[in-house]
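Engineer: Mind looking at a prediction? Sequence and model below.
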Amino acid sequence: MSIEVLKPGLMTTVQDLGRAGFQKYGVLVSGAMDADSLRIANLLAGNSQNEAALEVTLMGPGPSLRFQKPALIAVTGADFSLMVNDEEVPLWRPVFIKEGSVLTFGMCKRGSRAYMAVAGGIDVPPVMESKSTYVRAGLGGFQGRALQKGDVLSLGSPTPLSEAMHRKLEDHGKGRGFAAPKWAVDRKYFLPLKKNPVIRVIKGDQFACFTSSSQERFFADTFRVTAKSDRMG
């Protein structure tokens, strides 16, 4: 099975839970910015929680993806509009996608990143025990970079649970581009999206290297996420 990238969006990458144990060599952990949403998307698709999925940065319209074969997916994370063949698709639940259907990520309402897991996971080779993309080093993920128009993503083998959910939803999706159950994960327990969220931190090993003034500003100031930010800061 495979997925064709019609539009890549601002920054869409393959991510799992990260590459631990290689920071001593200067290699970042990488991995999903919102690990909980990635885990939940994978579980909803019948995968293990650390399977490779797509992380979609939603600053403007997101990617458009054509499914060349039927697939079971789940999309979690930010609050935004998701469409299949111009019909709105619900989030935070398993969704059967019909062969030939086009999935489009729309404008973001709250939050900034979404996660799309596919039954079987995105089939890319692991690098240093992870499939996550480290863009600045050109390492991991799909050719070490963000997705581009024309890319074709291969999928892994689905689990028996994924196959069972796929069959059940497929029976209810005849005549439409997708099918989804009525139930969903209540995201407010995992992702309480707020206009001005408070981010809690723990002092790291380098905290003492900063001046007292810098330390005070770090805890008192307001921070803005810009297009220049990455998984380091």
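Structural biologist: All right, it came through fine.
Engineer: Whichever helix in the chain runs longest: which residues count as buried?
Structural biologist: With DSSP state H applied, the helix covering the greatest number of residues in the chain is identified as helix 160-172. By 16 or more other C-beta atoms under 10 Å, the buried positions in helix 160-172 come out as 162, 165-166, 169. C-beta: built from backbone N, CA, C; applies to glycine.
Engineer: Next: stretch 78-98.
Structural biologist: Neighbour-count burial for stretch 78-98, with 16+ other C-beta under 10 Å as criterion, is recorded at 78, 80-84, 89, 91-98.
Engineer: tell me how far that stretch is from the chain's mean position?
Structural biologist: Averaged C-alpha coordinates place stretch 78-98 at 14 Å from its chain's average position (C-alpha atoms, centre = their mean, to the nearest Å).
Engineer: Okay, now that stretch: how far is its last residue from its first?
Structural biologist: Start to finish, the residues bounding stretch 78-98 are 24 Å apart (C-alpha to C-alpha, to the nearest Å).
Engineer: what's the average pLDDT for that stretch?
Structural biologist: Taken as a whole, stretch 78-98 has an average pLDDT of 93.
Engineer: ok, now stretch 174-181?
Structural biologist: Stretch 174-181 shows a mean pLDDT of 85 in the predicted model.
Engineer: Just the C-alpha atoms of it, please, in PDB.
Structural biologist: Output in PDB follows, covering the C-alpha atoms of stretch 174-181 (Å, rounded to 0.1, in the frame of the first residue of the first chain):
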ATOM      1  CA  LYS A 174     -19.700   1.900   0.800                       C
ATOM      2  CA  GLY A 175     -20.600   4.800  -1.400                       C
ATOM      3  CA  ARG A 176     -18.400   7.200   0.500                       C
ATOM      4  CA  GLY A 177     -14.700   8.100   0.500                       C
ATOM      5  CA  PHE A 178     -14.300   7.100   4.200                       C
ATOM      6  CA  ALA A 179     -16.100   5.600   7.200                       C
ATOM      7  CA  ALA A 180     -15.600   6.200  10.900                       C
ATOM      8  CA  PRO A 181     -17.200   5.100  14.200                       C
END
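Engineer: re earlier: give the other helices and strands that the next helix or strand after the longest helix of the chain contacts.
Structural biologist: Beyond helix 160-172 in the direction of the C-terminus, DSSP states H and E gives the next helix or strand as strand 178-179. The contact analysis (3 or more C-beta pairs under 8 Å, 6 or more residues apart in numbering; DSSP states H and E) places strand 178-179 against strand 94-97, helix 160-172.
Engineer: JSON lines for those, including distance to Leu191?
Structural biologist: As requested, the helices and strands packed on strand 178-179 are exported to JSON lines (distance: least, C-beta to C-beta, whole Å):
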{"stretch": "strand 94-97", "distance to Leu191": "18"}
{"stretch": "helix 160-172", "distance to Leu191": "22"}
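Engineer: Using the three-state scheme, assign Ser213.
Structural biologist: Classification of Ser213 into helix, strand or coil gives helix, according to DSSP: H, G, I helix; E, B strand; the rest coil.
Engineer: What about it, how many residues nearby?
Structural biologist: Ser213 is flanked by 8 other residues according to other C-beta atoms under 10 Å.
Engineer: Give me the pLDDT for it.
Structural biologist: 94.
Engineer: same check, this time on Gly233
Structural biologist: In this prediction, Gly233 carries a pLDDT score of 59.
Engineer: And for Met33?
Structural biologist: For Met33, the model assigns a pLDDT of 92.
Engineer: From Gly106, how far out is it?
Structural biologist: Distance, Met33 to Gly106, by C-beta to C-beta, to the nearest Å: 20 Å.
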